[in-house]
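> The sequence and its predicted three-dimensional model are supplied below.
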Amino acid sequence: MKVNALKVPVQFVIGYLVLTNYCFAQIEKPMTGDSNDFVKIAASQGSSSPLLFTVPETGVPLVGMGSFYREDECTTRDGIPNFLDKAGKGGQVTVAFIGGSITQGKLGYRMQVARYMQHLFPETEFLWVNAGVSGTGTDLGAFRIKEHVLRHQPDLVFIEFAVNGAYQAGMEGMIMQIIENNPYTDICLIYTIKNGQTASYQQFKIPDNILGLERIAQHYAVPSIHLGMEAAELEAQGKLIWKGDPRQKADGLLFSKDGIHPLEAGGNLYAAAIARGLRKLSANTSPCPHHLVDPLFGDEWDYANMYAPWQIASFDRNWNVRPIQQSHLTKFEGWFDSLMTADKPGATCTFYFEGDMFGVFDIGGPEVGQLTIWVDNQLVALETVDDRNYRLYRVADNSGDTTLNRFNGFCNNRYRGQYDVIQLPFGRHEVTLKVSFEKADKHAILGPKRLDDIMANPAKYDRSAIYLGKILLRGIPVTITEDAQPE
């Protein structure tokens, strides 16, 4: 019996035991603020943006540093000396932004920062990477950072995930992957905030979720910048309204409509904080490598990756490879080149891997259905481990749902990117995904207030389509030879 596979280091197995017994028991406490904020973050997940972007000559404000000052706004640690040295010499430099919807959005801060950096280094040719995926956190970030960021060989990576769960182990996994890919790639953590968190800064405290990320930043000696401190001070002075209706006249700067996603003026404040941080970080321009240290949470997330389904799985004849440009889902081409599609119940795909997690990164919409999951030839039931700070299921003891529904309340006449991850005992596994014969109760999922489209277009919803973009693995795929079976 043979399995062609990369060798898994013993540290991965040891780290798995540590993570199982500690890390998942230490999921961060829910962030302060309106309980509806979690819904707003999830609802923000929609279509993709181009992975590579340019800064237009007009339409993006050139921010300044302003007069705001707090010593703890930026903590320099080992700084970003490799980027500063290279950018100061001209030539070509690659800067990547990875985060949630605030990063993905046009004027949440990213475009203003890019323009400011072009202004700061006018002789430098920049390649800009927008790896923002709205409604997602550091867990999916760890799965996708290799493809979305590291394959572009960035010189500097800004990481923004503070309002999207702030899951510490996922953040550590991203940092480890960056350093392993190139120890001369600089990293800067940037902390956005949401409802209720200005009060912490006004009391000269740091929000709890950000304190957890600061622990990671300190451990790896990477710099960090708090983007919300100036907004907090302006709010305390009565000069800023954190959340309001842009159509109504306000006495002061309106930061956001929903308390999370900044309007252009709010994005300008965020970008100004980064501009001040760059000034503070400019004191160190002597190139030096970053080093891996013993991980705080184990090295499991260092093995996270995502794969085109046809690279690692076998599909029956009911599936089709569909280039996304030849589909009705072209707005997702920033994430997926092609999709594996099926709409016939019973359509099956199978893959093998060695590790402890797998998942799907796919597209939801009115016509999508459900999947049943078979692990090691057994139909499994699923239960939610945590549905706010970290999207995770685990195999239940005959008590959970045996379907993984790809339709949710945000699929009302709308297509959106989505993902789910399932935890298993560490080992070598055979996983089979089947399009379920059981249809989701879409009327009940949508609720009484969102039935207009399903009532007007019932045929559109009465399907069980699956649009599979990526398979997520924490571990490594394995190839089964003809005379081999999984252990």
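Perfect, thanks for sending it.
> Angles on the backbone of residue 56, please.
phi -70, psi 160 (degrees, to the nearest 10).
> so how many other residues sit close to it?
9 (other Cβ atoms under 10 Å). Every residue, glycine included, has its C-beta placed from N, CA and C.
> if I look at it, how far off is residue 83?
With distances taken as Cβ to Cβ, to the nearest Å, residue 56 is found 23 Å from residue 83.
> Could you do residue 347 as well?
For residue 347, the distance to residue 83 - Cβ to Cβ - is 47 Å.
> of these two, who's got more company?
With neighbours defined as other Cβ under 10 Å, residue 347 and residue 83 compare such that residue 83 has more, 27 against 23.
> Looks to me like that one is in a helix.
Yes: the assignment for residue 83 by DSSP: H, G, I helix; E, B strand; the rest coil puts it in a helix.
> List the contacts of it.
93, 95, 155-156, 186 (Cβ atoms under 8 Å, 6 or more residues apart in numbering).
> Okay, the closest residue to it other than its chain neighbours and residue 215: tell me how far apart.
Closest residue in space to residue 83, ignoring its immediate chain neighbours: residue 156 at 4.0 Å, by Cβ to Cβ, 6 or more residues apart in numbering. To residue 215, residue 156 is 22 Å away according to Cβ to Cβ.
> Of these two, which one has the most company?
residue 156 (20 against 13).
> quick one, phi psi at that one?
Torsion angles, degrees, to the nearest 10, at residue 156: phi -150, psi 130.
> ok, it - contacts?
Counted by Cβ under 8 Å, 6+ apart, residue 156 has contacts 80, 83, 93-96, 185-188.
> Test of understanding: give the bridge partners of it.
residue 95, residue 186 (DSSP bridges).
> mind starting the numbering at 122 from now?
Renumbered: residue one is now 122, and that last one reads residue 277.
> Can you read off the pLDDT for it?
Residue 277 carries a pLDDT value of 98.
> Tell me the span between the first and last residue of stretch 453-470.
Across stretch 453-470, the terminal residues are separated by 22 Å (Cα to Cα, to the nearest Å).
> quick one on the thing from earlier: can you tell me which of the contacts of residue 204 lies nearest to residue 580?
residue 216 (46.5 Å; Cβ to Cβ).
> how near is that closest one to residue 310?
15 Å.
> Comparing the two, which shows the higher neighbour count?
Comparing residue 216 with residue 310 by other Cβ under 10 Å, the one with more neighbours is residue 310, at 26 against 23.
> From what I see, that one and residue 347 are in contact.
No: between residue 310 and residue 347 there is no contact under Cβ atoms under 8 Å: 9.7 Å.
> what helix or strand is residue 525 on?
In this assignment (DSSP states H and E), residue 525 forms part of strand 524-526.
> With only the CA atoms kept, save the following helix or strand past that strand in CSV.
Sequence-wise, the next helix or strand downstream of strand 524-526 (DSSP H and E) is strand 537-556. The C-alpha coordinates for strand 537-556 follow below in CSV (Å, rounded to 0.1, in the frame of the first residue of the first chain):
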residue,chain,number,x,y,z
ARG,A,537,-21.7,36.0,-3.1
GLY,A,538,-18.5,34.3,-2.3
GLN,A,539,-18.5,32.1,0.8
TYR,A,540,-16.5,29.4,2.5
ASP,A,541,-16.8,26.7,5.2
VAL,A,542,-14.2,24.6,7.0
ILE,A,543,-14.5,21.2,8.7
GLN,A,544,-12.2,19.9,11.4
LEU,A,545,-11.2,16.3,11.6
PRO,A,546,-8.8,14.2,13.7
PHE,A,547,-5.3,14.6,12.3
GLY,A,548,-4.5,11.8,9.8
ARG,A,549,-4.9,10.7,6.2
HIS,A,550,-8.5,11.0,5.0
GLU,A,551,-10.6,10.3,2.0
VAL,A,552,-13.3,13.0,1.5
THR,A,553,-16.2,12.8,-0.8
LEU,A,554,-18.6,15.7,-1.6
LYS,A,555,-22.0,14.8,-3.0
VAL,A,556,-24.7,17.1,-4.3
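> What would the next helix or strand after strand 537-556 look like as CSV? C-alpha coordinates only.
Reading on from strand 537-556 to the C-terminus, the next helix or strand found by DSSP H and E is helix 563-567. Extracted C-alpha coordinates of helix 563-567, given in CSV (Å, rounded to 0.1, in the frame of the first residue of the first chain):
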residue,chain,number,x,y,z
LYS,A,563,-35.2,28.3,1.0
HIS,A,564,-38.4,30.0,2.0
ALA,A,565,-37.7,29.4,5.6
ILE,A,566,-34.0,30.4,5.2
LEU,A,567,-35.0,33.7,3.6
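> Can you get me the start-to-end distance on stretch 480-492?
First residue to last in stretch 480-492 (Cα to Cα) measures 12 Å.
> next one: that stretch to chain centre, how far?
Centroid displacement of stretch 480-492 relative to its chain, using Cα atoms, centre = their mean, to the nearest Å, is 18 Å.
> State the mean pLDDT of that stretch.
Throughout stretch 480-492, pLDDT has a mean value of 97.
> from memory residue 296 sits against residue 341, does it?
Yes: using Cβ under 8 Å, residue 296 is in contact with residue 341, at 5.2 Å.
> in stretch 427-439, what's buried?
Neighbour counts using 16 or more other Cβ atoms under 10 Å place 427-430, 433-434, 436 of stretch 427-439 among the buried residues.
> Which of those fall within helices?
430, 433 (DSSP state H).
> Same list (the buried residues of stretch 427-439) but as CSV, adding pLDDT and distance to residue 539.
Formatted as CSV, these follow (pLDDT from 0 to 100; distance: Cβ to Cβ, whole Å):
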residue, pLDDT, distance to residue 539
427, 98, 14
428, 98, 17
429, 97, 17
430, 97, 15
433, 97, 20
434, 97, 19
436, 98, 20
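> Switch the buried residues of stretch 427-439 over to TSV; also include distance to residue 416.
Listed next are the buried residues of stretch 427-439 as TSV, based on distance: Cβ to Cβ, whole Å:
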residue	distance to residue 416
427	21
428	24
429	28
430	30
433	26
434	30
436	36
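> in what helix or strand does residue 503 lie?
Following DSSP H and E, one finds residue 503 within strand 502-507.
> Who does the helix or strand following that strand pair with, and is each partner parallel or antiparallel?
Next helix or strand after strand 502-507 toward the C-terminus (DSSP H and E): strand 513-517. The pairing partners recorded for strand 513-517 under DSSP bridges are strand 502-507 (antiparallel), strand 537-556 (parallel).
> between the ones you listed, which one is nearest to residue 246?
Among the strands paired with strand 513-517, strand 537-556 sits nearest to residue 246 (Cβ to Cβ), with 30.8 Å.
> for the chain, what helix or strand is lowest in average pLDDT?
Least confident helix or strand of the chain, by mean pLDDT, DSSP states H and E, is helix 131-142 with a mean of 36.
> What is the subsequent helix or strand relative to it?
Downstream of helix 131-142 (by DSSP H and E), the next one is helix 158-164.
> Give me the distance from that next one to the chain's centre.
14 Å.
> which residues are in contact with the helix or strand immediately after it in the chain?
Once the chain leaves helix 158-164, the next helix or strand it forms, by DSSP H and E, is strand 173-174. Residues from elsewhere that reach strand 173-174, judged by Cβ under 8 Å, 6+ apart: 232, 235, 248-251, 273.
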